[in-house]
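>>> What shape does this take:
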Amino acid sequence: LQVKEVAWSEVPGYYECSQSEKLKKMLLREVPYRCNVYTTCSLTLVHPNDLPKDQFTWERLARPKEKRKKRKSKPNSDTAIPLEIINGNEFSSTITNISPSRFVGMPMIMGDFRRVARTSAPIRELLEEPQPQHIAQDVSGLDMGDIPSLEKMSQPLLDPTSLPLLGCLPNELIQKLVQSANEMPRNQNINVEEQSIQHLQHFVQNHAASANRSLCDVSNNDSSKLSIPLALGTLSPQQVYHCVKQQQDKLETQDDSITNPADLNWLVNHMEMRDFFIFDSFRNGSSAYRLYPTKPVHKPNTPREWLPLSENQDNFIRWATGQTNLPLVDAGMKELLTTGCTSNRVRQNMASVLTKDLKLDWRLGAEFYQLCLEDHCVAANFGNWIYFSGVGGDPKCRHFRTCSQAWRYDSDGRYVRKWIDRLRDCDANDMEAVLRPWDFQKDWPMPIVPPETQLTWQDREKLEKTGRMSSGD
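Numbering: from 1, shown residues only. This is a model prediction of the structure:
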């Protein structure tokens, strides 16, 4: 192609970043491809170029009240490369640096990162759409290759002669996943980007202020459902930000509005959290896939016990197939296998059981989720697993007690009864039978871990005193 410039957006993931580097080298060094290269990072709310460029500034902005010795700032690698000189030739280019060295000094704790980002990185205005005359028109000489159908991509998964995925997943489970994916409705004739923007606007204007996103069941407009377009790049965090701010400005001018503009802030907060995982993925590079990607924030010098998969395959298969006999965990897995989605609350509980109770390698969960999730994003998925398994930046190392969580965030049992057939006919007025079915159904097997480990100490004490954990609330 006869083009003057090639542009693309950087995406997280070691493989993805490696391919981006290869493409840069080819376009900047190799004849006849040589041309200008422009890269950006449209998947994040803040642009990498606007974040601090040296470790001292990161630290100072993360903890502004802490006293520290004065020292000279040493900048990290240049944020952008305005002029590339290769083989004696000059190439005008702007390349956004997302290499691990660029993020030296970035806080490990999410709250500290968000504080820095808010202080140093203003949200940029949306870019104008590129004009047709700036886009290559004749691509007849470009070999686009074949875009495989979902059915074609699924064939290797169903090959009975192939080794089991993750070393042990039963073929029946893979068949169910493939069947669920093939049965999902897909309209090939819609403008996906336009649909994503319309959905964003509708949610912000009608549901965002009242959404109870902490629930297990968020099907009733309690979730933005933006994770899929954000993962696919058909919607940007900046579009979310500007849509929220526009609606807040509108509410500020309405004297009779019953909606508090601040009730929309959570959407922007979630974009900031997502930024943390994306930039953390850039920083970790290939180490993001190690058991310990970095030194944990919580008890960094205390060894963790991890049980080998070779001796605990049965536990992993029970977790992955929704047969732990813990209602909330099994309901979440059945929803995930059927729809490719679950709420954040449920994902956290499922991750906690695998890593904190069963003590299995968090990467098993991350790779299994990668196989199942319709909204999969390398940074968000692996980043959340790193965070909630306690090998990353979580300063508390949270252990979710799934029975107590179910009582607080599925208090009528609607979610669990929706996905577990044996609990569907349970009386919603007696939550004990839903929360602790092993104590009410004689043929209900005992959970994969001792039931008492799934209660907070307050709920365990209440159960011992009253015989009920759901009484008195």
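>>> How many residues are close by Asp146?
6 (other Cβ atoms under 10 Å). In this view, the C-beta of every residue, glycine as well, is placed from N, C-alpha and C.
>>> And it, which helix or strand is it part of?
Following DSSP states H and E, there is no helix or strand that holds Asp146.
>>> now it: how far from Met184?
Here Asp146 is placed at a distance of 22 Å from Met184 (Cβ to Cβ, to the nearest Å).
>>> Could you do Phe279 as well?
From Phe279 to Met184 the distance is 31 Å (Cβ to Cβ).
>>> Between the two, point out the one with more neighbours.
A direct count of neighbours by other Cβ under 10 Å for Phe279 and Met184 places Phe279 higher, at 24 against 11.
>>> can you tell me which residues contact the spatially most central residue of the chain?
Here the mean C-alpha position of the chain is nearest to the C-alpha of Ala380 (Cα atoms, centre = their mean), at a distance of 2.6 Å. Residues in contact with Ala380 (Cβ atoms under 8 Å, 6 or more residues apart in numbering) are 227, 231, 274, 277-278.
>>> can you put those residues in JSON lines and add neighbour count, distance to Ile123 and pLDDT?
Listed next are the contacts of Ala380 as JSON lines, based on neighbours: other Cβ atoms under 10 Å; distance: Cβ to Cβ, whole Å; pLDDT from 0 to 100:
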{"residue": "Ser227", "neighbour count": "20", "distance to Ile123": "20", "pLDDT": "96"}
{"residue": "Ala231", "neighbour count": "21", "distance to Ile123": "20", "pLDDT": "95"}
{"residue": "Arg274", "neighbour count": "23", "distance to Ile123": "14", "pLDDT": "97"}
{"residue": "Phe277", "neighbour count": "24", "distance to Ile123": "18", "pLDDT": "98"}
{"residue": "Ile278", "neighbour count": "25", "distance to Ile123": "15", "pLDDT": "98"}
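>>> and Val37, that's in a strand?
Yes: membership of Val37 in a strand is supported by DSSP: H, G, I helix; E, B strand; the rest coil.
>>> Is it correct that it is in contact with Lys25?
No: look at Val37 against Lys25 with Cβ atoms under 8 Å: they stay out of range, at 9.8 Å.
>>> With neighbour numbers in mind, choose between these two.
Per other Cβ under 10 Å, whichever of Val37 and Lys25 has more neighbours is Val37, with 22 against 13.
>>> Which parts of the stretch 51-200 of the chain are helices?
Here the stretch 51-200 of the chain has its helices, by DSSP state H, counting those that start in this stretch, at 55-62, 110-120, 150-158, 171-183, 192-206.
>>> So which of these is nearest Lys299?
For the helices of the stretch 51-200 of the chain, the distance to Lys299 is smallest for helix 110-120, at 17.7 Å, taking Cβ to Cβ.
>>> Contacts for the closest one next, please.
Residues contacting helix 110-120 (Cβ under 8 Å, 6+ apart): 45-46, 50-52, 57-58, 61-63, 106-107, 269, 272-273, 275-276, 279, 387, 393.
>>> per-residue confidence averaged over it?
Across helix 110-120, pLDDT averages out at 96.
>>> can I get the CA coordinates of it in CSV?
Extracted in CSV, the C-alpha atoms of helix 110-120 (Å, rounded to 0.1, in the frame of the first residue of the first chain):
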residue,chain,number,x,y,z
MET,A,110,-4.9,1.0,43.2
GLY,A,111,-6.0,3.9,45.4
ASP,A,112,-2.6,5.5,45.2
PHE,A,113,-2.5,5.2,41.4
ARG,A,114,-6.0,6.8,41.1
ARG,A,115,-4.8,9.7,43.3
VAL,A,116,-1.8,10.3,41.0
ALA,A,117,-3.9,10.0,37.8
ARG,A,118,-6.5,12.5,39.1
THR,A,119,-3.7,14.9,40.0
SER,A,120,-1.5,14.7,37.0
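>>> the inter-axis angle of it versus helix 55-62?
100 degrees (axes from the mean of the first three to the mean of the last three Cα atoms, to 10 degrees).
>>> Please spell out which residues along helix 110-120 are buried.
110, 112-117 (16 or more other Cβ atoms under 10 Å).
>>> Rebuild the residues you listed as JSON lines, extending it with distance to Asp314.
Shown next, in JSON lines, are those (distance: Cβ to Cβ, whole Å):
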{"residue": "Met110", "distance to Asp314": "35"}
{"residue": "Asp112", "distance to Asp314": "41"}
{"residue": "Phe113", "distance to Asp314": "39"}
{"residue": "Arg114", "distance to Asp314": "41"}
{"residue": "Arg115", "distance to Asp314": "44"}
{"residue": "Val116", "distance to Asp314": "45"}
{"residue": "Ala117", "distance to Asp314": "44"}
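>>> quick check, nearest of those to Tyr292?
For the buried residues of helix 110-120, the nearest to Tyr292 is Met110 (18.1 Å; Cβ to Cβ).
>>> Distance-wise, check that closest one relative to Glu194.
From Met110 to Glu194 the distance is 33 Å (Cβ to Cβ).
>>> Contacts only, for Ser196.
Going by Cβ under 8 Å, 6+ apart, the list of residues near Ser196 reads 226, 229, 234-235.
>>> Out of the contacts of helix 110-120, which end up buried?
Neighbour counting by 16+ other Cβ under 10 Å classes 45-46, 51-52, 57-58, 61-62, 106-107, 272-273, 275-276, 279, 387, 393 among those as buried.
>>> Now do the same contact list for the residue nearest to Asp263 when sequence neighbours are not counted.
Spatial nearest neighbour of Asp263, excluding adjacent residues (Cβ to Cβ, 6 or more residues apart in numbering): Ala209 at 3.9 Å. Residues near Ala209 by Cβ under 8 Å, 6+ apart: 259-260, 263-264.
>>> for Glu151, same thing?
Asn182.
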